[in-house]
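*Asks:* Fold the following for me, if possible:
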Amino acid sequence: MPVLNRRGMLAAALGAAAAGCAPVRLAGERPLRGKQAYGFGALEPLDLSPGNLVKITVCTRPVRPAGPRLEAQALGGKRIVHNYGHGGSGWSLAWGYAEAARALVLRDRPKSAAVLGAGAIGLTTAIALAEAGIAVTIHARDLPMQSRSARATGVWSPSSRIALSGAADPGFPARWEALTRRSYRRHLGYVGRSGHPVEFTPRFFVGTKAPEAPLAVPPPGAGGFLHLERRVRGMTPPWTERHDMPFPVDGSVRGGLVMTFNITEYARQMTDDFLALGGRIEQAEIASLEELARLPADVVVNCAGYDAKELARDDTLVPVRGQIAWMAPQTDRLYGTFHRNVMVLSRRDGLLIQETGGNDFYGYGDDGEAEDREEVLAALAKAAPLFAYG
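*Replies:* Next comes the predicted model:
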């Protein structure tokens, strides 16, 4: 059953841009700067003036060392399907895991289902179930734009903190690849919609001859995170060396087009799609699996994210703190950079600045959600000189 729309790709071949569309320079000619064309269109410098800050948000990513939990459990005569623990890959993998959760639910041929959580995983799972003709109600403490998912970076990152290499089973990489490919195809269905909930925008990795020291070290015995991007190489637009960028740095620049989620609009459109399929949303505070099992539905799907640590008594869940500083949108310059471990991303719903710490263990084990303005100012001091051109 197709998703119903209430509202009506940006795409470019990066290889063609590098081979034939990039500006041609004569020997000795100075590089183009400012508003010139760079194969991606005009590259206006981003304005990172501290006065443009509008808010700071903190997101607790739910990392499960063995990988996301996707399994069924019987409790109190009710079948509970668990779908949580996606680390920093929640938005990217949401659709793939939603369809996999639906397959578990359909084994009992239920007529009704309750979904706990209205973040990226909860919304996509609810839509997938409603598409199968099931009467679905979302029960959530926080509505979509108040959930932790609303504070996410909003980029295609399906391997971000998805599992620890020493904890995931040998079959996990192959399962991850299959779900990643399914999720990517579903996201593509939102490209080109009015409001641009999903689009492809340029991203640049800007190096330096003096690498930034990591701000965190792995905990003893933690091993390392799985990095599985090579398994889906060729599915997304390629990155190439860029020699025509205006950034005033001494290192190399690589760039390409990356799928970007404008979360404000994407969450709204998914909510509209869910409601158009006959779904319902009820605000509720549910504190235990036993309480979850008492919901009036044939089957229940637990998409509680980090809250599953307490609700499902899952002590394997580890919080990873991530903070984003938000500036007012600069929609005439939609692109992003990564430089000195600071990510800057201009989305239609805001300009984001995030200190990444240099490795995946930055913020690992930290469930604090208080704002750290000093971190923001330090990140701005590292990133702002990148845009000192024009």
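
*Asks:* Buried residues, stretch 317-333. List them.
*Replies:* 317-327, 329-330, 333 (16 or more other CB atoms under 10 Å). C-beta here means a position set from N, CA and C on the backbone, and glycine is covered the same way.

*Asks:* The protein: helices as residue ranges?
*Replies:* For the chain, the helices defined by DSSP state H cover 14-16, 90-106, 120-131, 172-188, 263-276, 289-293, 308-311, 373-383.

*Asks:* The buried residues of stretch 317-333 into CSV, with extra columns for pLDDT and distance to Gly85?
*Replies:* Formatted as CSV, these follow (pLDDT from 0 to 100; distance: CB to CB, whole Å):
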residue, pLDDT, distance to Gly85
Leu317, 97, 6
Val318, 97, 9
Pro319, 97, 11
Val320, 97, 11
Arg321, 97, 16
Gly322, 97, 16
Gln323, 98, 21
Ile324, 98, 21
Ala325, 98, 27
Trp326, 98, 26
Met327, 98, 31
Pro329, 97, 32
Gln330, 96, 34
Arg333, 95, 36
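
*Asks:* mind listing what Gly207 touches?
*Replies:* Contacts for Gly207 (CB atoms under 8 Å, 6 or more residues apart in numbering) come out as 249, 251-254, 339.

*Asks:* Spatially nearest residue to Val198, not counting backbone neighbours?
*Replies:* The shortest distance from Val198 to any non-neighbouring residue, by CB to CB, 6 or more residues apart in numbering, is to Tyr190 (4.2 Å).

*Asks:* you'd agree the one you found is up against Arg268?
*Replies:* No: look at Tyr190 against Arg268 with CB atoms under 8 Å: they stay out of range, at 11.4 Å.

*Asks:* Settle it for me: which of the two has more neighbours?
*Replies:* Using other CB atoms under 10 Å, the more surrounded residue of Tyr190 and Arg268 is Tyr190, with 23 against 17.

*Asks:* Let me see the ranges of the strands in the chain.
*Replies:* 53-63, 69-75, 78-84, 112-116, 135-140, 198-206, 240-241, 253-261, 280-283, 299-302, 318-327, 336-339, 342-347, 350-355 (DSSP state E).

*Asks:* Those strands into JSON lines, with extra columns for distance to Ala383?
*Replies:* JSON lines is the format used below for the strands of the chain (distance: least, CB to CB, whole Å):
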{"stretch": "strand 53-63", "distance to Ala383": "13"}
{"stretch": "strand 69-75", "distance to Ala383": "36"}
{"stretch": "strand 78-84", "distance to Ala383": "33"}
{"stretch": "strand 112-116", "distance to Ala383": "38"}
{"stretch": "strand 135-140", "distance to Ala383": "35"}
{"stretch": "strand 198-206", "distance to Ala383": "10"}
{"stretch": "strand 240-241", "distance to Ala383": "21"}
{"stretch": "strand 253-261", "distance to Ala383": "15"}
{"stretch": "strand 280-283", "distance to Ala383": "38"}
{"stretch": "strand 299-302", "distance to Ala383": "38"}
{"stretch": "strand 318-327", "distance to Ala383": "10"}
{"stretch": "strand 336-339", "distance to Ala383": "6"}
{"stretch": "strand 342-347", "distance to Ala383": "4"}
{"stretch": "strand 350-355", "distance to Ala383": "6"}
